[in-house]
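>>> just coords:
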């Protein structure tokens, strides 16, 4: 019965308590009906043997009913206590799981942020390297272009007849 109770949720336990309470009320009603019959009828001495024996029999019935009612109430209290403990344990486990998930998520976010920063730094460094390489190449090309044109300019100034040597120096 304990395993069955542990599997029940709070609503099921409350319904069980209500059913047991209803059963107790029914038994009380039956007892009252039996008492009414006993009060309305004369106890037959042949069956009871004596008034003392009849009284003992009635006391036994009342004691049994009272014991059953007390047992039902005790069971209800036990069920309620067990359900409360189960609910507390599940709530504790849920809180612990939520905290654990939040910590894992924070760790993952931190790790992803770090990885992203590292990737960005690498990309910036690569872009700088590529830019420097490009500028070096461009500078060399411009220098070569300039040097090639200086030689051409000198060649043109030198080969023209009557060219003024002073004009060539001014343009350089």
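Here it is on my side, so go on. Keep in mind that what you see is a predicted model, and the values were worked out from it rather than measured. Numbering: from 1, shown residues only.

>>> shaky segments in this protein?
Within the chain, the segments meeting pLDDT under 70 span 1-2, 5, 38-59, 61, 151-153, 155, 158-172.

>>> Which stretches in it count as helices?
2-7, 10-40, 45-48, 51-159, 165-171 (DSSP state H).

>>> Reformat the ones you listed as TSV; add mean neighbour count.
Any C-beta I mention is one placed from the backbone N, CA and C, and that applies to glycine too. Formatted as TSV, the helices of the chain follow (neighbours: other Cβ atoms under 10 Å):
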stretch	mean neighbour count
helix 2-7	10
helix 10-40	12
helix 45-48	10
helix 51-159	11
helix 165-171	9
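
>>> gap between the residue positioned nearest the centre of the chain and residue 85?
Compute the mean C-alpha point of the chain, and by Cα atoms, centre = their mean the closest residue is residue 98, 4.2 Å away. Using Cβ to Cβ, to the nearest Å, we find residue 98 at a distance of 21 Å from residue 85.

>>> Same check on residue 7?
To residue 85, residue 7 is 14 Å away according to Cβ to Cβ.

>>> same thing with residue 66?
According to Cβ to Cβ, residue 66 and residue 85 sit 29 Å apart.

>>> And for residue 137?
Going from residue 137 to residue 85 by Cβ to Cβ gives 78 Å.
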